[in-house]
Structures are given as structure tokens and as C-alpha cells.
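*Asks:* predicted structure and sequence below. I'll ask about it afterward.
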Amino acid sequence: MSHDAQELKQLIAPVVAGLGFELWGLEYRVQRNSALLRIFIDGPEGINLDDCAAVSDQVSGVLDVDDPIPVPYRLEVSSPGMDRPLFTPEQFRRYQGEEVRVRLNWPVEGQRNYRGRISDMDADTALILEVEGHVVRLPLEAISRARLVPKF
């Protein structure tokens, strides 16, 4: 997670928690003249549209006051959904044994895209993935995106 994303997370997490939800994770992308801040929230009863609107209103207020994003930005708030993104070592551990798709920032063993079963975490630094009987160690800082593969 970038330095800016980490700062945004520290600013936003208490707001989300204050409304009774968990900040599951966030994506922060900056283009030349704009930015996208996508926040994923979760709750014991799941998330509905009203929950997303409430969090959006509160987070917008905090961002307007603190003004941490130097360009015009779009704020999106949603639930993690069936193809839940995974951001932290704790989340990877929580879904151990589940199938996941992973996209990397750089190749590991000659590949940037993986689909496999979460086997374990190596400390808090690498995801251990079982891919067709082969074990692959993916450094967390190499992971661009990781999402659960939904079971139907």
C-alpha cells in the first residue's frame, strides 16, 4: 500500500468504525488530473446501499476538512462482494484454503497472474499459494490485486 493510501486509511478507518462498520480495505489510484478512492466496508449483517451512502457522506466530510487528496477525486464506497478483495495478511489467513486470483506488479517465477488456493502466510511478508500442486511464494509488496474466486 502506498504512503498516501496508508495515510488515507488512518484517516478513514475511525470514521468507518464510528458508524459500526469495518474498513475492509481501500484502493487509491491517482491519474494526472484526478484520483479514485474506492473504499470497501463490511459489517456483521453485510452491507446495503444506505450503509454505503452513510459512510460516503461521513468520509466526504472528513476529506473536505483534511483535504489529503491534492486533485479532484471520485469516492466510491461498496461492500467487498462475493469476489472479495484481500488486502492484509490477516485477511489472507482468514480465507486460508480458499481459491484466489492474484495479479502482481512484477513477475514471480515468470508470471504476473496466478490462480490458486491460499496455503499459508510466510510471516506477514509473503502469500504461499498452491497452484496445480506447485507451491508459489508471492511477496506481499508484489501483489497488485488479490480477489477470492466465488463459489457457486
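*Replies:* Done, it's in.

*Asks:* just the element for Gln58, please.
*Replies:* According to DSSP states H and E, Gln58 maps onto helix 49-66.

*Asks:* and Leu37, bridged to which residues?
*Replies:* Tyr28, Leu75 (DSSP bridges).

*Asks:* residue contacts, Asp122?
*Replies:* Neighbour list for Asp122: Ile128, Arg137 [criterion: C-beta atoms under 8 Å, 6 or more residues apart in numbering]. Every C-beta, even on glycine, is put in place using the N, C-alpha and C of the backbone.

*Asks:* Pro72 and Ala35, how far apart?
*Replies:* To Ala35, Pro72 is 7 Å away according to C-beta to C-beta, to the nearest Å.

*Asks:* what do you get for Thr88?
*Replies:* 22 Å.

*Asks:* hmm, back to that, which strands and helices lie in contact with the helix holding Gln58?
*Replies:* Here helix 49-66 touches helix 3-18, strand 35-42, strand 73-78, going by 3 or more C-beta pairs under 8 Å, 6 or more residues apart in numbering; DSSP states H and E.
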